[in-house]
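Visitor: just to be clear, the model below is a prediction. Sequence and coordinates:
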Amino acid sequence: MPAALFTVTLMPENLQFQADRDKTILQSAERAQIYPLSSCRNGTCRTCISTLISGDIRYNTDWPGLSAEEKQAGLMLPCCAQPLSDLVMKLEA
Ligand code: FES
């Protein structure tokens with residue numbers, strides 16, 4: 001069965017790439033030759049911090065380095081987040 005692909009749109013550039021449900025958003029961006037800033041790649045350092053404008057994600061770690069308030073405000077870490085739908089997001093770095 002082929003992997004589920006979702007469309008990720010990066011604002012404000014309106015740049016789009018396909019993201020695999022089974023890979024992190026960072027991995028899918030890099031596969032599309034888009035290179036957001038990253039360092040630890042495991043949800044610790046916050047280098048990749050971004051804003052999720054719309055869509056649903058899940059984390060592949062129980063402890064992504066965001067507070068509940070930051071998550072509520074829409075901040076997300078694409079190095080350890082996987083898409084559950086099409087996404088619109090903004091890279092902060
Ligand atoms: S690269 Fe470190 S939290 Fe994403």
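Guide: Nice, thanks for sending it over.

Visitor: quick one: check the worst-scoring helix or strand of the chain on mean pLDDT for contact with the ligand.
Guide: Sorted by mean pLDDT, DSSP states H and E, the helices and strands of the chain end with helix 68-72, the least confident at a mean of 93. No - Helix 68-72 lies out of reach of the ligand by CB under 6 Å from any ligand atom, never closer than 12.1 Å. For every residue, glycine as well, the C-beta is placed using N, CA and C.

Visitor: helices or strands up against that helix?
Guide: Helix 68-72 sits against no helix or strand, with contacts defined as 3 or more CB pairs under 8 Å, 6 or more residues apart in numbering; DSSP states H and E.

Visitor: next one: that helix to chain centre, how far?
Guide: Here the centre of helix 68-72 is set off from its chain's centre by 15 Å, with CA atoms, centre = their mean, to the nearest Å.

Visitor: how about the residue nearest the centre of the chain, nearest residue that isn't a chain neighbour?
Guide: In the chain, the residue lying closest to the centroid (CA atoms, centre = their mean) is Pro78, at 2.8 Å. Of all residues not flanking Pro78 in the chain, Ile25 sits nearest, at 3.8 Å (CB to CB, 6 or more residues apart in numbering).
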